[in-house]
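Trainee: Here is the input, now give the coordinates:
(2 chains)
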Amino acid sequence: AQSVTQLGSHLSVSEGALVLLRCNYSSSVPPYLFWYVQYPNQGLQLLLKYTTGATLVKGINGFEAEFKKSETSFHLTKPSAHMSDAAEYFCAVSYLSGNTPLVFGKGTRLSVIA
Amino acid sequence: GAVVSQHPSRVICKSGTSVKIECRSLDFQATTMFWYRQFPKQSLMLMATSNEGSKATYEQGVEKDKFLINHASLTLSTLTVTSAHPEDSSFYICSASSGNTEAFFGQGTRLTVV
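Mentor: Below is the predicted model of the structure:
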C-alpha cells in the first residue's frame, strides 16, 4: 500500500520568501511522485513529477523538488514566493505511470503575504 | 500537455434527481479514466477506475449503484450520481491516461444537491 503525508495543512510566507512544502511517502515499490497545485474550484495542475533518473526535478513556475529515497521525502521548494503562488498544493504517489491511480496527501494551503 | 475537459463545471440539482458528469480527453485516447471526490478542505479520494469497454472498479465504500460510471469510448467517461442527496454534494474530478504518460485532470465539477 502507498501513502503520502504532507506536514502542515497551512503555510504562510511573505512575498519573496522561501517556500518549502514537505511531503513524505510510503511505498513498497519504487514510487512515482507528483506535486499538483489547485486553485479554488478548479482542477489540478501538474507542477512536476519524479519517475526515474535525476532526483532533483524542476517544474513550472519556478518550483522544484528533490527525491530523497533514504528519507522517503519529496519536498517542494521555490526560492522566492509570489502572490500568485497562493493555492492548495498536493503531493501524490503512484507505483506506475498513467494506468494506476494516484494516492494524494491531504494538501497544504499556501498563503503569501505582501 | 494533453487536455481533459470536464462538464459541467457547476451543477445544482434537487434531492432525488440524477446528475451526469462528462469527462472527455480532447487530444488523446484515454484507455483509463479515474474519478475522484474531494470534500471541502480535504484531499482527493479515488472513487473508481474505469478502462474503456470494461466495467469500472470501485473503491471500498463507494456505492456502484449510486455512482454509475460508463467508459464506452476512448475519449469519454461519464459519472452519473443517481438519486442525489445533500451528502453527495462535493467536488468531483476526473483524470484520464493513455497508459504510458501521467494522467491528466479535468477542471472538476462542483455538485450541490438541495
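Trainee: Quick one: name the residues of chain A near chain B.
Mentor: A:32, A:34, A:36, A:41-46, A:49, A:90, A:97-99, A:101-107 (Cβ under 8 Å from any Cβ of the partner chain). From N, CA and C alone the C-beta is placed, and that goes for glycine too.
Trainee: In strands only, show me those.
Mentor: When those are checked against strands (DSSP state E), the matches are A:32, A:34, A:36, A:44-46, A:49, A:90, A:103-104.
Trainee: send the alpha carbons of stretch A:101-111 over as PDB?
Mentor: Below are the C-alpha coordinates for stretch A:101-111, written out as PDB (Å, rounded to 0.1, in the frame of the first residue of the first chain):
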ATOM      1  CA  PRO A 101      -4.400   5.900  -9.700                       C
ATOM      2  CA  LEU A 102      -2.700   8.500  -7.500                       C
ATOM      3  CA  VAL A 103      -2.700   8.500  -3.700                       C
ATOM      4  CA  PHE A 104      -2.900  12.000  -2.500                       C
ATOM      5  CA  GLY A 105      -1.700  13.700   0.600                       C
ATOM      6  CA  LYS A 106      -4.100  15.900   2.500                       C
ATOM      7  CA  GLY A 107      -2.800  19.000   0.900                       C
ATOM      8  CA  THR A 108      -1.100  22.200   2.200                       C
ATOM      9  CA  ARG A 109      -2.700  25.600   1.700                       C
ATOM     10  CA  LEU A 110      -0.100  28.200   0.900                       C
ATOM     11  CA  SER A 111      -0.800  31.800   1.700                       C
END
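Trainee: wait, does stretch B:38-55 contact chain A?
Mentor: Yes: in terms of Cβ under 8 Å from any Cβ, part of stretch B:38-55 sits within range of chain A, namely B:42-46, B:49.
Trainee: outside of that stretch, which residues touch it?
Mentor: A:44, A:90, A:101-107, B:30-37, B:56-59, B:62, B:64, B:67, B:69-74, B:77, B:79, B:90-93, B:108 (Cβ atoms under 8 Å, 6 or more residues apart in numbering or on different chains).
Trainee: and A:L7, bridged to which residues?
Mentor: A:R22 (DSSP bridges).
Trainee: Check B:I21 too.
Mentor: B:L79.
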